[in-house]
Structures are given as C-alpha cells and as structure tokens.
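Undergrad: this one's sequence-less:
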C-alpha cells in the first residue's frame, strides 16, 4: 500500500506540473517539470516549515523515503533505455560506429581523468581537501552523458541528424564503461582488500559490459522469433515488458550490465524484430505504448531530480566549487571530444561547429546523481560535498545546456560546409 501511495503522489504531481508547464512556463516538458519541482522544493524549505509545518514534514518524509539510486538504476533506467533504443535506427548507428565507440569508451575514460586531476588541485584552493581517489570517483560519475536526458532533450532540439546520432549512440553505450569505472574506483575507495590489477579490472569490465551485450542480444533475438509466430500486439507488448523486467532480474543475478542489455535488446527488437516479426498494426501499437512509457518515466525522473533539492543540506555552501566544477566538466568534455577527433578519427572530416555541438550536447542527468548517492555514508563530509557539486553541475547541464543546445547548433553550424566525409563518419 505504501508503494501505491508513493506512486500515486508522483503521478498526480507529474500531471499537475506538466499542465502548469504547458499552460504557463512553456518549457520543454521534462525540463519544465524539473524547474517547477525545484520551485516547490525551495518553497517548502523557505515557507513550509514556518506556515505549514505538518505538510512540510510529511513532504520531507516522502522525498527521504525515495531510494533514488535503486529506483533509477534498478528500475526506471531499464525502461527508459529500452524505450529509447527501440526507436533508434540501427543503420544510423552502424554508419557512425567508429565515432560512437570512441566517444563511449576512450572519451569517457579520458574525461574522468581530466576532471579528477583538475578537481584535485582546484578544491584545496577553496579550502576543501578531497583525497584523489574521491576526485577520481567524481570524474567517473560525472563524465558519462545521461542517455535519458539526452534522448529526451534531443527530441525537441533541432540538431542535425548526423550529430544527433553520434550523441545519442554515445549516451546509450557509455553507461557500461562509466558504471564499471565507478564500481572499480568505489571499491578502491572503501574496500582496502580489493586488488585492482589489470586482470581484475578487465575481468569486471568483460563480465559487466560483455555479459550485458550478450544477454541483450539473446533477449532481443529470442523475443523477436517468438513474436514472429503470433504477431499479436497485446502479447507483443507483454513480451517486451517481460524483457525489461525479467531481463533486469537475470542481469542482477548474473552480475552483468542491465543498461547495456536493455539497449541491445531494444535495438534488435526495434530494427530486426519490427522488420521480420510484426505487422504494421503491431509496430504501431508497440511504438505508441513505449513512447507513452518513455514520457511517463521521464516525467517522474525529472520530478525526482527537482525534489532531490530537498535532500541537500545546504546547496549554497559549495556553490562556488560547483561553478568551478561546471567549467572543469565542460573543459574535460571539450578535450575528450577534440582529442579523439584529431587523432583516432583524423581520417574523417569534422567541422568545428559539429564538434562544438557535440561538446555542448553532452548533458549530464539523473544517472550522475544516482551514482553519487550510492557512495557509502562512511565517506562523511566528502559525500555531501560531491553530492552538492554533482547536483549543481547536473542542474546547469539540464537547464542551460538542455535549453540552448538547439540554438547553439544552429549558430555554430550555420557557416559550416558539411563534407561527404563528415556525413559518412
């Protein structure tokens, strides 16, 4: 009953905030919901305890009962990644496979080390000493672009298709690398018995990432063959739901990456499955069902992000460090995009405008917040500092970058000459 109560409150608030956004703010749906949730959070903090103490206390308790890390990483992320991948054209990803693989792996690692190094030397200048291992932890959790946020925002931003495909593909796959890196660094930080050798790290990566890809392929091809034999939209929807929910249980038991499994399964069903196993009616119903699931889950996610403001002890305490962290993260994103583009991908032609768009389109979101909240409380004040800084970076990324990425793309790409080599890269 408690779960039903909580979910009911979330749906009611999401619907109200969506209406108010469309009626008054007129911002992109998900961002508008988050902004209103933040405004409500500020109102509860400033006025609630003074004028409505009982209501404010109940609201605080409701938010505190949310296990954001478990809800997002253990449930919502799987639905959102599957829904997003279901609508991605595999041919587009294949056409840009080298940039996507490079940005989802090498760029994420490069960004994590650039951020950690700069953060380690900058933080003491502001009177905050953070051990390097925790700076590296911050670098790993803030480096990956958030697939949920990116997919949601790029739908509404008028970004050229070739760039949208690279950013979308990168965001879908970089979670596997980032989560494995985060898990390794977290073990180093809190577990003195963990032996971080090249072999142990490689084994963990292969198990998490490789196992997730294999599981996703198995789920995708098997379910496509099953749906081909019945071609009924009601049963097909149930099968895809079972893939997401049952696939997560299998991934958890086998210790493989459920996000990568959902991405691969969604890509296979959305491309191979739709072409060989579904009639036009089934494709239409399946597409609309998962589009609706995607919208509802996104609304709830951004509601969460807005209300997480209530969980922070004092956001203004680390405001200056957070602003500096924004600059560090953007610089790391710039270097992690430009360096591979000028070295590994040098045979392909990239205009300056397309690279700037990719830098500005690397948006962080709920995944970073969920990861930082998973740091054990034994980290003490360091966790609070990292949580506040992460929240500031994510807010800037979603609100400022998310609202302006379309305009930035139009401006920097206006005078670019797009060569055939870039179009095929």
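TA: Yep, it's here. On a predicted model such as this, the values are computed, not experimentally measured, just so you know.

Undergrad: residue 258 against residue 245, yeah?
TA: No - with contacts counted by CB atoms under 8 Å, residue 258 stays clear of residue 245, the gap being 10.6 Å. No exception for glycine: its C-beta is placed from N, CA and C like everyone else's.

Undergrad: show me whatever sits in contact with both of these two.
TA: residue 78 (CB atoms under 8 Å, 6 or more residues apart in numbering).

Undergrad: those two - which one has more neighbours?
TA: Higher neighbour count among residue 258 and residue 245: residue 258, with 27 against 12, using other CB atoms under 10 Å.

Undergrad: which non-adjacent residue is nearest the more buried one?
TA: Here the nearest residue to residue 258 in space, its sequence neighbours aside, is residue 251; by CB to CB, 6 or more residues apart in numbering that works out to 3.7 Å.

Undergrad: which strand or helix spans that neighbour?
TA: Assigning secondary structure by DSSP states H and E places residue 251 in helix 233-254.

Undergrad: kindly report the same for residue 195.
TA: Secondary-structure assignment from DSSP H and E places residue 195 in no helical or strand segment.

Undergrad: coming back round to it: check contacts around the residue nearest to residue 258.
TA: Residue 251 makes contacts with 211-212, 215, 257-258, 261, as judged by CB under 8 Å, 6+ apart.

Undergrad: ok, residue 293 next?
TA: 79, 83.

Undergrad: what distance do you get for it to residue 274?
TA: Per CB to CB, to the nearest Å, residue 293 is found 17 Å from residue 274.

Undergrad: follow-up on the earlier one: quick one: which of the contacts of residue 251 sit in helices?
TA: Secondary structure defined by DSSP state H assigns 211-212, 215, 258, 261 of the contacts of residue 251 to helices.

Undergrad: state the pair within the residues you listed that is farthest apart.
TA: The most widely separated members of the ones in helices among the contacts of residue 251 are 211 and 258, with 10.1 Å between them, by CB to CB.

Undergrad: can you give me the end-to-end span of stretch 16-24?
TA: From the first residue to the last, stretch 16-24 extends over 12 Å; the measure is CA to CA, to the nearest Å.

Undergrad: element containing residue 263?
TA: With elements taken from DSSP H and E, the one containing residue 263 is helix 258-268.

Undergrad: what residues does that helix touch?
TA: For helix 258-268, the surrounding residues in contact (CB under 8 Å, 6+ apart) are 77-78, 81-86, 88, 90, 93, 147, 172-173, 175-176, 179, 208-209, 212-213, 215-217, 219-221, 223-224, 243-244, 247-248, 251-252.

Undergrad: per-residue confidence at residue 176?
TA: Among the per-residue scores, residue 176 holds a pLDDT of 69.

Undergrad: and residue 129, by the same measure?
TA: Turning to residue 129, the model gives it a pLDDT of 93.

Undergrad: about what we covered before: which of the contacts of helix 258-268 are buried?
TA: For the contacts of helix 258-268, a burial check counting by 16 or more other CB atoms under 10 Å picks out 77-78, 81-86, 88, 93, 147, 172-173, 175-176, 179, 208-209, 212-213, 215-216, 219-221, 223-224, 243-244, 247-248, 251.

Undergrad: among these, name the ones in helices.
TA: Per DSSP H, the subset of the buried ones among the contacts of helix 258-268 in helices is 77-78, 81-86, 93, 147, 172-173, 175-176, 179, 212-213, 215-216, 219-221, 223-224, 243-244, 247-248, 251.

Undergrad: so where's the stretch 151-300 of the chain uncertain?
TA: Filtered on pLDDT under 70, the stretch 151-300 of the chain yields the residue ranges 155-158, 176, 194, 196.

Undergrad: correction: the previous question concerned the stretch 301-425 of the chain.
TA: Filtered on pLDDT under 70, the stretch 301-425 of the chain yields the residue ranges 315, 347-350, 415-425.

Undergrad: all helices for it, in order.
TA: With helices called from DSSP state H, counting those that start in this stretch, the stretch 301-425 of the chain shows them at 319-342, 352-360, 366-373, 381-395, 402-413, 420-423.

Undergrad: among those, which comes closest to residue 4?
TA: Minimum separation from residue 4 across these (CB to CB) falls at helix 366-373, 23.0 Å.

Undergrad: other residues contacting the closest one?
TA: By CB under 8 Å, 6+ apart, the list of residues contacting helix 366-373 from outside reads 68-69, 72-73, 77, 138, 140-142, 144, 146-149, 175, 178-179, 182, 301-302, 304-305, 308, 383, 386-387, 390-391, 393-394.

Undergrad: just read off the phi/psi values of the most centrally placed residue in the chain.
TA: The chain has residue 146 as the residue nearest its centroid, 2.2 Å off, counting by CA atoms, centre = their mean. Summarising the backbone geometry of residue 146 under the convention degrees, to the nearest 10, its torsions are phi -80, psi 120.

Undergrad: let's have the chain start at 26 instead
TA: OK, 26 is where the count begins now, so the last one is residue 171.

Undergrad: residue contacts, it?
TA: By CB under 8 Å, 6+ apart, the contact list for residue 171 reads 196, 388-393.

Undergrad: now residue 345
TA: Residue 345 is in contact with residue 151, counting by CB under 8 Å, 6+ apart.

Undergrad: then residue 211?
TA: Contacts for residue 211 (CB under 8 Å, 6+ apart) come out as 162, 399-400.

Undergrad: name the residues of the helix or strand containing it that come out as buried.
TA: Remark: residue 211 resides in helix 186-215, with elements defined by DSSP H and E. Judged by neighbour count using 16+ other CB under 10 Å, the buried positions of helix 186-215 are 187-212, 214.

Undergrad: and the angle for that helix with helix 391-398?
TA: Relative orientation of helix 186-215 with respect to helix 391-398: 0 degrees, computed using axes from the mean of the first three to the mean of the last three CA atoms, to 10 degrees.

Undergrad: who are the packing partners of whatever helix or strand comes next after helix 186-215?
TA: Moving toward the C-terminus from helix 186-215, the first helix or strand encountered (DSSP H and E) is helix 223-230. Counting by 3 or more CB pairs under 8 Å, 6 or more residues apart in numbering; DSSP states H and E, the packing neighbours recorded for helix 223-230 are helix 186-215.

Undergrad: return the distance of the helix it packs on from the chain's centre.
TA: Taking CA atoms, centre = their mean, to the nearest Å, the mean C-alpha location of helix 186-215 is offset from the chain mean by 9 Å.

Undergrad: residue 368: neighbour count?
TA: Neighbour count for residue 368, taken as other CB under 10 Å: 10.

Undergrad: so how far is residue 361 from it?
TA: Counting by CB to CB - residue 368 and residue 361 are separated by 12 Å.

Undergrad: for residue 64, same thing?
TA: According to CB to CB, residue 64 and residue 361 sit 34 Å apart.
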